[in-house]
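turn this into a model:
(one chain, ligands or ions: 1)
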Amino acid sequence: MSDTPRRPETIAVTAGRPPHEPGAPLNQPVAFTSTFVQGGDPVYARYGNPTWSAFEEALGALEGGDCIAFSSGMAAVSAVMAQVPHGGAVVVARHTYQHALLLLDEGAASGRFEVRRVDITDGDAVEAALPGAALLWLESPTNPALEVADIPRLTAAARAAGVQSVVDNTFATPLLQRPLELGADIVVHSATKLIAGHSDVVLGAVVTGAPEAAERIRHHRGLHGAIPGPMEVFLALRGLRTLSVRLERAASNARELARRLADAPGVVEVRDPGLSTVLALVLADAAAADRVVERVRLWIPATSLGGVESTLERRRRWPTEAPTIPEGLLRLSVGIEHVDDLAEDLLQALGE
Ligand SMILES: *Cc1c(COP(=O)(O)O)cnc(C)c1O
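Residues are numbered from 1 along each chain as shown. Okay, the predicted model is just below:
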């Protein structure tokens with residue numbers, strides 16, 4: 001082991017492994033146990049598990065903070081939102097992940113939260129909404145509008161206003177964006193997506209550089225019990241090992257598809273912030289978008305994103321999706337197939 005700082009691609013491969021000792025396994029085994037022999041730590045498997053620790057060490061090292069794994073991305077989101085005092089105000093991007101918004105809206109209906117929706121591309125509007133708030137909730141790029149926030153500016157403004165800032169980093173991953181370095185207090189992940197990367201796991205995580213926040217969130221997990229299964233965490237860590245190569249291929253496919261689709265028949269707009277493997281393709285209306293979903297043969301019509309296989313869906317098919325998202329918007333999660341096959345399939349689906 002050396003103390004030389006390592007680059008993120010190397011950390012993704014090396015962090016969270018057992019020590020290099022003769023006879024040691026290279027991977028942290030899956031610990032299927034509900035309890036532990038008295039006298040050590042952890043004491044019970046709702047508070048800790050060595051397989052969780054390996055994953056938490058790796059993702060924490062990549063994001064630059066203390067990581068707490070959860071049973072899903074929404075469990076991680078809920079644990080962070082639970083830190084807001086009763087009646088506290090949350091400033092949130094209007095195009096945040098729809099179930100994070102639903103959680104806030106349902107809380108607002110019962111007086112639990114005050115919700116202030118903002119356009120995160122409008123820095124002045126976000127700053128104007130901060131005074132007196134408890135939390136600034138950012139997602140960048142946003143799902144599925146793919147807007148990008150000026151994270152350093154907004155987190156600095158939040159800090160100056162005494163507001164905690166959170167970034168949902170699911171779309172960019174720590175290989176493309178490290179929000180804690182950009183001034184955020186807390187990062188949340190749906191590790192279900194790019195981190196696990198194979199559409200076979202549901203898992204979430206919170207990462208923070210603030211020890212007292214980590215303590216409170218870990219305590220919340222133990223108390224509310226939204227703990228991950230050891231097998232899911234093992235699979236997510238295995239996925240994380242190859243994140244850099246999957247991301248490299250999928251991102252280059254995404255950039256190339258954005259170029260080739262820009263003047264394809266029926267395409268009104270291609271949105272590609274260049275910070276993820278997700279694209280948005282805006283067609284004239286719902287019928288035009290539905291037609292593409294029916295006609296694709298390689299692309300899989302499915303919700304979720306970040307797997308090795310390419311998927312697409314028309315987001316407004318969900319009644320809970322924001323009405324400001326165009327009816328004809330298709331969200332494309334670009335995988336690692338050959339880009340020519342991906343392009344040909346979309347072009348035939350868009351054609352006559
Ligand atoms: C999917 C997703 C979530 C929720 O994660 P789950 O693992 O499905 O609970 C939160 N934020 C974003 C940006 C997502 O894409």
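
Three-state assignment for residue 5, please.
Under DSSP: H, G, I helix; E, B strand; the rest coil, residue 5 falls in the coil class.

what score does it have for pLDDT?
Per-residue confidence (pLDDT) for residue 5: 77.

check what pLDDT the residue in the chain that the ligand sits nearest to gets.
For the chain and the ligand, the shortest gap (CB to the nearest ligand atom) falls at residue 73, measuring 2.1 Å. In this view, the C-beta of every residue, glycine as well, is placed from N, C-alpha and C. Note for residue 73: predicted pLDDT of 98.

correct me, but it touches residue 192?
Yes: at 5.8 Å, residue 73 counts as touching residue 192 under the criterion of CB atoms under 8 Å.

overlap in contacts of those two?
Here residue 73 and residue 192 share the contacting residues 202-204, scored by CB atoms under 8 Å, 6 or more residues apart in numbering.

near the ligand, from those?
Restricting the shared contacts of residue 73 and residue 192 to those within reach of the ligand (CB under 6 Å from any ligand atom) leaves 202, 204.

centroid-nearest residue for this structure?
Nearest to the mean C-alpha position of the chain, by CA atoms, centre = their mean, lies residue 170 at 1.5 Å.

ok, residue 268 - how many residues close by?
13 (other CB atoms under 10 Å).

that one - nearest residue in space that isn't next to it in sequence?
residue 282 (4.7 Å; CB to CB, 6 or more residues apart in numbering).

and for residue 125?
Using CB to CB, 6+ apart and skipping residues adjacent in sequence, the residue nearest residue 125 is residue 118, 5.2 Å away.

could you do residue 316 as well?
Using CB to CB, 6+ apart, the nearest residue to residue 316 is residue 327, at 4.9 Å.

what distance do you get for that neighbour to residue 292?
Residue 327 is 13 Å from residue 292, where distance means CB to CB, to the nearest Å.

residue 58 now?
Taken as CB to CB, the span from residue 58 to residue 292 is 38 Å.

the residue nearest to the centre of the chain should be in a helix, yeah?
No: the assignment for residue 170, made by three-state DSSP, is coil rather than a helix.

which stretches of the stretch 1-150 of the chain form strands?
Here the stretch 1-150 of the chain has its strands, by DSSP state E, counting those that start in this stretch, at 66-70, 88-93, 113-118, 135-139.

state which helix of this protein is the longest.
helix 243-261 (DSSP state H).

how about the residues of the stretch 101-250 of the chain by the ligand?
Counting by CB under 6 Å from any ligand atom, the stretch 101-250 of the chain sits next to the ligand at 139, 143, 168, 170-171, 190, 192-193, 202, 204.

related to what we said a few turns ago, and which of the shared contacts of residue 73 and residue 192 is nearest to residue 233?
Of all the shared contacts of residue 73 and residue 192, residue 233 sits closest to residue 203, with 6.7 Å by CB to CB.

report pLDDT for the residue lying closest to that closest one once chain neighbours are set aside.
Counting by CB to CB, 6+ apart, the nearest residue to residue 203 once its immediate chain neighbours are dropped is residue 191, at 4.1 Å. Looking at residue 191, its pLDDT is 98.

any low-confidence regions in this protein?
For the chain, the stretches flagged by pLDDT under 70 are 1-3.

re the thing from before, wait, the residue nearest to the centre of the chain sits on residue 194?
Yes: Residue 170 lies in contact with residue 194 (CB under 8 Å); the separation is 7.2 Å.
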